[in-house]
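Trainee: Provided below are the primary sequence and the corresponding predicted coordinates.
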Amino acid sequence: MHVKIIPSRLRTSLFLIAAALLLSGALAPALAALNTNFEAYAAGTRIAALGIPNVTFTSAPVANSFQVLGLGGAVGAPLAGNILANSQAFGDPPDQDLTVTFTGVAQTSYTVDWGTLTGFDNFQIEGRFGGATVFIDNFVSGDPPPYHSATAARPAGVVFDQLILTTTSAEFAIDNFITADVAMIFTQTGGSTDVAEAGPTSDTYDVALNGIPSANVVINLTTDGQCTVLPNTLTFTPGNYNVAQTVTVTAVDDAAIEGPHTCVITHTIAAPPPEYVGVGPSNIVANVTDNDFANVTITESGGSTDIAEAGPTNDTYTVVLTGAPSANVIINITPDAQCTVAPAALTFTPGNYNVAQTVTVTAVDDLVVEGPHTCTITHAVDPASAPEYIGLAIADVVANVTDNDFPPGVTITESGGATDVSEAGPTNDTYTVVLDSAPSANVIIDITPDAQCTVAPAALTFTPGNYNVAQTVTVTAVDDALVEGPHTCTITHAVRAGSAPEYIGLAIADVVANVTDNDVAGVTITESGGATDVSEAGPTNDTYTVVLNTLPSANVIINITPDAQCTVAPVTLTFTPANYNILQLVTVTAVDDAVPEASPHPCVITHAVDPASALEYIGVAIADVTANVTDNDAPGVTVSPNPVNIAEGGAAGNYQINLNTLPAGAVTITVTPNAQCDVGAGGGVPIDIVLNDTTPQNIPVTAVDDAIVEGAHTCVITHAITATGDPADYPVGLPIANKIINIADNDGAPPSGPVAAPTAAGFPPPPPLPLCADIGGTTNAIVRASVPADTVPRGSVFCRVIAENTVYIEDPAEVGNAAVFSLGVIQAVDVFGLSREGRPVVPFQQGVTVCLLGNSGMIFLDAATAPRVPQWLATSFQGGYTCGVIFSSGTVVLVATPSPVVADVSVSAPVQELAGCRVTTTAGSLRLRKEANTGSPIIALLGFNETFDATARQGIWFRINAAGATGWVNGGFLNLSGNCGG
């Protein structure tokens, strides 16, 4: 039997009943007086109508005890439902033992049939002794043994809130009278309340009351801020006080790094009814899992850190904090000896903790042969950092390092991944051999094939300077008479004794060449010269030969099919058992189309065995021949090369001009003759022709019949694209060859005679630019007919251009020797001087140097001779000019024929410092040069009749200072005074 006592706040209890019972016999009637007002209830409903009489208490037969009779006073009668006893009692019993017995047959315990649930069933006495309530429950399965006998005295350790129930039968266990206050009852799911900031964020617990309140009980729920609750108010009524109500707890997801922490939920009863005054407040403590951790995230670029000793030598990764620190966080970075890092430390502040910082990792290029290896980089939080980060474990970064230090070794690379040779041909293939590391001395590798092939060379020598340059070995199949089918040739390699010691004994891989036998049905094609090369322009054909490899059992017919780029002859070849091993020739001819193509471009010629051939050759694969076709359709303009010979007063000649390829649009070419011939619009007048395709267009040419005795001469006709509908292939300005027309003169025979031997002319080195060329302005602006003698400064020398760029000399009769033209006139100038009162021109007495643009021969026609006799001048070449010296007026002609006399100008005139020399210019726009030579840059122009102090002399050059610049001026245009040297 279970007995529970739930006292009120006045702590009255069943002891009030016991107090009356345990007094002397005088109190026994008082107990009987309690038996007058009992009613029966079942599940809170009165059941007196069921005929259940009142329970009768009788006086105790044993001291310090009371008895309970069954319903109606019948011993052993079953009790059912709840028995409610209403009575009044006052006082607080003394602290003593209480023995409860039940009346029954022979004073035994009340009989309970547990199988049929008869007997005691929730026997309950509720006495209102100052508000005390007593519950007496029947024994249930699970009550712990052993059973106890009655006790005569209070056991040690029993306190006021515990009473010992002693029965007289082993049927009933000894149980405690448990005193319990009214309270809030909490039931946490799973025995605890667990929430997390990251999720799952909520959990629940139930709240109920353990005693019937006399009025509603309202419980207010508050938290310490680490969580929230719903609802935050619970209301219990007298009708639902023991019905649990559920509270949902949710974690507050803050940004604080707190680790595992708690949330305290406080329950306070607002305005409690009297029996609940002083109950609470009561707390539930929820366990909160934090999601704000002190951590460091490392991200490697590309997912890994890859560096190399040879380069690229570095890679990067980034570091960032996952949570805001309370102070600066310093991360020290330490690599091992295989790499370096920059920077060596990273500092994160509360303001930039979430901004990734980059670490650069660089490989250490050592001399150790390591192969692929790693560099481990560790990270540690500095002790001066925010406390929550101190001691935090940070992941290492393991960088992959590619080594550039290799052990001795030999690498063999077969071309195309294999070595394939054939007894029939092509009979060879190649592979390369190279050392893996620089040797300390020469390394000689001997190469030895078996009998199935040969190699060349038979040995390779590598030096410390060329060890890493691959050397080629050529493998050639041995063409034997054995029918072997596909077989191999093994080639071994060995380091020769005396080589670098680290390579001695090194194992080198063999090469196994695949050998194709030629003793099977097959066809061999051999291209002449090893290739088939044809051209659309010519030579237009090439040849190759075809032959069978083995004796056929019948005729073999091979059909030959080229693509559209070429033709073949013949188109079939027939081999008989009698001529199977006799080469037959195939001629390949290029198809000359008008389409611009790559040059060369291929023509693929296929070969197939005709089905009517010998059975063993049916299906035999025959190699293609790919002919290389040179295209002749490159964009350009062709001028017919045929010589055109015409005569003054004679019939017209002609030549052709055409486009090499079809243009995208019309192309206009301007044809311009010089004054010696006429192309249809008059001598020297250009015409336009329009070309739309590659058809040649005829250009008629007639000679201009003049009255000049010229002898055989030429007309130069130039061509230029002036408008185009195809700017890609035929742009304006595309170079086009000139046409030279040979013209026979009809104006009598010109005087002839040999060119005289070179004159023995003096030559003062170094020759300066011609005097007239150092005068500003146009060189031919001053001519003899337009220069009044009284306006020309005394002692001046002038020149004019009378022939240039193959244009004829202005007055051939004055030249007096047309033989000069046979040498090819490039340029001619008259050089002359003016004098007064018969005095000679001083510059001519000293020699005048004349330089003409170009590098060729120079002829002088002296004006003092009649007729003028051509004389070769001794020349030199400087700064793009051919220079010679003359001592009188005349004509200087630069011809296309090289001069047989070349001056020695290897020694320059020395610089002579001057004191007391003054110079005055005798011409305007005289050039002041940086150095004393005609190729030197011009730094100023001097005016006419300006006087300067000369500080030095070099040959005929004088150093002066003009306009703040110091330079050199040609003395041919100066009047000298004072001590000016010589």
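Mentor: Structure's in. What do you need? Residues are numbered from 1 along each chain as shown.

Trainee: Which phi and psi values does the closest residue to F348 other than its chain neighbours adopt?
Mentor: Counting by Cβ to Cβ, 6 or more residues apart in numbering, V329 is the residue found nearest to F348 once chain neighbours are left out, at 4.6 Å. The C-beta positions use only the backbone N, C-alpha and C, and glycine is treated the same way. Main-chain torsions, V329, degrees, to the nearest 10: phi -120, psi 120.

Trainee: Run through the residues that contact V329.
Mentor: By Cβ atoms under 8 Å, 6 or more residues apart in numbering, the residues touching V329 are 321, 347-348, 353, 381-382, 385-386, 389.

Trainee: try 10 Å
Mentor: 294, 296, 321, 323, 346-350, 353, 381-382, 384-386, 388-390, 392 (Cβ atoms under 10 Å, 6 or more residues apart in numbering).

Trainee: How about D631?
Mentor: Listed by Cβ under 10 Å, 6+ apart, the contact set of D631 reads 535-537, 565, 590, 592-593, 595-601, 661.

Trainee: Of the residues you listed, grab the buried ones for PyMOL.
Mentor: Restricted to buried positions by 16 or more other Cβ atoms under 10 Å, the PyMOL selection for the contacts of D631 reads:
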select buried, resi 535+536+565+590+597+600+661
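
Trainee: And the contacts of D631, which is closest to D510?
Mentor: Closest approach to D510 among those (Cβ to Cβ): P600, at 39.7 Å.

Trainee: From T532, how far off is the closest one?
Mentor: 10 Å (Cβ to Cβ, to the nearest Å).

Trainee: tell me, what's touching those two both at once?
Mentor: Shared contacts of P600 and T532 (Cβ under 10 Å, 6+ apart): 627-629.

Trainee: Which member of those is positioned nearest C375?
Mentor: For the shared contacts of P600 and T532, the minimum distance to C375 (Cβ to Cβ) is 54.3 Å, reached by N628.

Trainee: quick one: pLDDT of that closest one?
Mentor: N628 is assigned a predicted lDDT (pLDDT) of 94.

Trainee: Which member of the contacts of D631 is positioned nearest Y431?
Mentor: Using Cβ to Cβ, the contacts of D631 come closest to Y431 at P600, 29.2 Å.

Trainee: so who does that closest one touch?
Mentor: By Cβ under 10 Å, 6+ apart, P600 lies in contact with 531, 533-535, 590, 627-631.

Trainee: try 6 Å
Mentor: The neighbours of P600, taking Cβ atoms under 6 Å, 6 or more residues apart in numbering as the test, are 628-630.

Trainee: now those in TSV, with neighbour count and secondary structure?
Mentor: What follows is the contacts of P600, written out as TSV (neighbours: other Cβ atoms under 10 Å; DSSP: H, G, I helix; E, B strand; the rest coil):
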residue	neighbour count	secondary structure
N628	16	strand
V629	26	strand
T630	18	strand
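
Trainee: Is P596 in a helix, a strand, or coil?
Mentor: Counting by DSSP: H, G, I helix; E, B strand; the rest coil, the backbone at P596 sits in coil.

Trainee: didn't it look like it was pressed against D633?
Mentor: Yes - between P596 and D633 there is a contact under Cβ atoms under 6 Å: 4.5 Å.

Trainee: Could you pull out the residues contacting both of those two?
Mentor: Counting by Cβ under 6 Å, 6+ apart, the contacts common to P596 and D633 are T661.

Trainee: domain parsing for this structure?
Mentor: 1-181, 184-289, 296-402, 410-516, 523-630, 637-743, 750-907, 910-982 (automatic domain parsing).

Trainee: Flag whichever of those domains has the least confidence on average.
Mentor: Across those, domain 1-181 gives the lowest mean pLDDT, at a mean of 31.

Trainee: ok so, going back, strands - which of the contacts of D631 land there?
Mentor: 535, 590, 601 (DSSP state E).

Trainee: Pick the one among those residues closest to A441.
Mentor: Closest to A441, out of all of the ones in strands among the contacts of D631 and judged by Cβ to Cβ, is H601, at 51.1 Å.

Trainee: For that closest one, which residues count as its bridge partners?
Mentor: Beta-bridge pairing of H601 under DSSP bridges involves V629.

Trainee: Run a quick neighbour tally on the residue nearest to H261 when sequence neighbours are not counted.
Mentor: Distance criterion Cβ to Cβ, 6+ apart; nearest residue to H261, sequence neighbours excluded, is V288 at 5.1 Å. Counted with other Cβ atoms under 10 Å, residues neighbouring V288 total 25.

Trainee: Looks to me like V288 is in a strand.
Mentor: Yes - V288 forms part of a strand when assessed by three-state DSSP.

Trainee: Show me what the residue lying closest to P281 once chain neighbours are set aside is bridged to.
Mentor: What sits nearest to P281 in space, not counting adjacent residues and going by Cβ to Cβ, 6+ apart, is T268, at 4.3 Å. For T268, the beta-bridge partners under DSSP bridges are N220.
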